[in-house]
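Visitor: mind looking at a prediction? Sequence and model below.
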Amino acid sequence: MAEGTLVHLVDRMPTMTAEQMVQALVPPPQFATASFDNYRPDESYPSQAEAVEICRGFASTIGGAQTGRGFFSRLRPRKDGPVKAGVYLDGGFGVGKTHLLAATWHAARGRKYFGTFIEYTSLVGALGYQNAVKALTGTKLIAIDEFELDDPGDTMVMSKLLGELVDTGTRVAATSNTPPNALGEGRFAAQDFLREITKLADVFRTVRIDGVDYRRRAVEGRATVTAPDELERLAAARVAAGQSVARDGFRDLIDHLAKVHPSRYVKLIEGIDALVIDDVSELTDQSEALRFVAFIDRVYDAQIPIIASGESLDGIFGGGMIDGGYRKKYLRSVSRLIASTGAAADSN
């Protein structure tokens with residue numbers, strides 16, 4: 001077996017052209033084969049099965065001859081009221097929202113894109129607003145995972161962008177842990193942007209998905225912590241087995257993430273089979289914590305196991321941050337950190 005490689009993420013400074021950013025707007029490998037049929041609804045929560053049928057019906061209407069007739073347009077009549085231009089999957093982490101979003105994307109016909117909220121805002125930043133509208137006009141479906149409105153600028157940009165796309169017939173599907181009429185709460189003066197937030201909310205039909213984290217790893221649990229000497233052995237064993245292992249000190253990694261735009265985190269971990277982090281410590285700076293959350297989202301999407309020493313990764317969000325306006329983001333990240341370190345432990 002060929003020897004693997006040991007690399008350091010801090011040595012990587014990835015770049016992406018606007019064209020590459022557009023081409024990258026597809027479901028992550030984890031959801032490359034997601035479908036409505038292989039989603040497994042929990043019988044204890046009927047809303048999960050209901051969400052499958054709603055998304056299946058929504059996807060079946062995409063790629064036909066419908067055209068937009070205004071931002072709050074009625075696309076076709078139905079008995080229970082107007083059909084919205086979008087569907088919004090609202091629920092806690094681990095209930096399969098991203099799976100259903102990817103299944104909707106796979107089932108839809110025509111030109112379509114799938115990306116996180118930050119990937120779309122980054123695309124606008126790279127192309128400029130008008131060029132972004134031009135690039136996305138004619139798209140049958142825009143799928144937005146982890147819909148967030150963390151600042152007023154993003155609120156207005158995404159409101160305007162989705163408005164223009166919906167007016168030309170584009171459909172929108174999104175997921176989030178926050179109902180659309182509550183986006184921005186606890187993060188900025190949401191009342192000052194109520195018009196924009198309401199406009200976004202009115203685009204969507206909100207579909208509530210109840211349930212518990214499918215990973216069955218409660219956030220009260222702990223991420224696996226590896227002793228330093230054992231971490232050394234495990235990293236070497238994976239390299240010897242032919243894997244590409246990225247190993248960095250936690251503080252070095254946090255500092256490096258500040259130098260790489262979050263839209264490029266997916267390139268930062270490209271080709272990596274395992275992530276090894278030394279000397280994990282608590283984070284008390286909100287900006288650092290949010291960048292790490294965005295980074296872990298990409299690591300989790302790529303299904304990269306994490307081996308870490310130091311503090312338990314599920315306890316790193318300190319200073320009361322986890323009880324603030326970004327609570328749901330942090331809890332989602334905790335869930336993913338527990339799963340990712342657990343996956344490494346299971347495969348060692």
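Guide: That came through, no problem. Numbers count the residues shown, from 1 in each chain.
Visitor: now the helices: where do they sit in the protein?
Guide: Secondary structure of the chain, counting by DSSP state H: helices at 18-23, 46-60, 97-107, 117-127, 129-136, 152-167, 194-203, 228-240, 250-257, 265-268, 286-301, 327-347.
Visitor: which residues sit against stretch 337-348?
Guide: Under the contact criterion C-beta atoms under 8 Å, 6 or more residues apart in numbering, stretch 337-348 has outside partners 215, 217, 219, 221-225, 234, 237, 274-275, 296, 299-300, 303-308, 313-314. For the C-beta atoms, the positions are set from N, CA and C on the backbone; glycine is no exception.
Visitor: show me the shaky parts of this structure.
Guide: Low-confidence segments of the chain (pLDDT under 70): 1-2, 64-83, 149-152, 177-200, 213-220.
Visitor: let's go with 50 and repeat that
Guide: Counting by pLDDT under 50, the chain shows low-confidence ranges at 65-81, 184-193, 217-219.
Visitor: wait, Leu268 sits on Asp11?
Guide: No. Checked against C-beta atoms under 8 Å, the pair Leu268 and Asp11 is beyond contact range at 10.5 Å.
Visitor: so those two - more neighbours on which side?
Guide: Leu268 (22 against 9; other C-beta atoms under 10 Å).
Visitor: buried residues, stretch 266-286. List them.
Guide: 266-269, 272-278, 280, 283 (16 or more other C-beta atoms under 10 Å).
Visitor: for those, name the two members farthest from one another.
Guide: Using C-beta to C-beta, the two most remote members of these are Asp273 and Leu283, lying 25.7 Å apart.
Visitor: before we move on, back to that, got TSV for the buried residues of stretch 266-286, with distance to Arg171 too?
Guide: TSV is the format used below for the buried residues of stretch 266-286 (distance: C-beta to C-beta, whole Å):
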residue	distance to Arg171
Val266	25
Lys267	29
Leu268	31
Ile269	31
Ile272	34
Asp273	37
Ala274	38
Leu275	36
Val276	42
Ile277	40
Asp278	46
Val280	42
Leu283	38
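Visitor: among those residues, pick out the one closest to Tyr88, please.
Guide: Using C-beta to C-beta, the buried residues of stretch 266-286 come closest to Tyr88 at Val266, 24.1 Å.
Visitor: quick one: the residue nearest to the closest one when sequence neighbours are not counted and Asp210, what's the gap?
Guide: Nearest non-adjacent residue to Val266, counting by C-beta to C-beta, 6 or more residues apart in numbering: Arg298, 5.0 Å away. The spacing between Arg298 and Asp210, counted by C-beta to C-beta, to the nearest Å, is 27 Å.
Visitor: what does Met156 give?
Guide: As judged by C-beta to C-beta, Met156 and Asp210 stand 32 Å apart.
Visitor: try Phe250
Guide: Counting by C-beta to C-beta - Phe250 and Asp210 are separated by 35 Å.
Visitor: the more surrounded of the two?
Guide: Phe250 (20 against 16).
Visitor: so in terms of bridging, what pairs with the residue lying closest to that one once chain neighbours are set aside?
Guide: Counting by C-beta to C-beta, 6+ apart, Phe250 lies nearest to Val280, which is 4.6 Å off, once chain neighbours are set aside. With DSSP bridges as the criterion, Val280 is bridged to Gly310.
Visitor: pretty sure Val280 sits against Gly315.
Guide: No. Val280 lies out of contact with Gly315 (C-beta under 8 Å); the separation is 9.1 Å.
Visitor: OK, contacts around the residue lying closest to Val260 once chain neighbours are set aside?
Guide: Nearest residue to Val260 in three dimensions, chain neighbours excluded: Leu268, at 5.8 Å (C-beta to C-beta, 6+ apart). Contacts here follow C-beta under 8 Å, 6+ apart; on that basis Leu268 touches Leu9, Arg12, Pro14, Val260, Phe295, Arg298.
Visitor: buried only: go through these for me.
Guide: Among the contacts of Leu268, the ones that count as buried (16+ other C-beta under 10 Å) are Leu9, Arg12, Val260, Phe295, Arg298.
Visitor: ok, of those residues, which one's closest to Ser333?
Guide: For the buried ones among the contacts of Leu268, the nearest to Ser333 is Phe295 (9.4 Å; C-beta to C-beta).
Visitor: skipping adjacent residues, who's closest to that closest one in space?
Guide: For Phe295, the closest residue by C-beta to C-beta, 6+ apart turns out to be Tyr265, at 5.1 Å.
Visitor: can you count the residues close to that neighbour?
Guide: Look at Tyr265: counted by other C-beta under 10 Å, it has 23 neighbours.
Visitor: my read is that it contacts Ala294, right?
Guide: Yes. Here Tyr265 reaches Ala294: they are 6.2 Å apart, a contact under C-beta under 8 Å.
Visitor: who touches both of the two?
Guide: Joint contacts of Tyr265 and Ala294 (C-beta under 8 Å, 6+ apart) do not exist.
Visitor: fine by me, thanks again.
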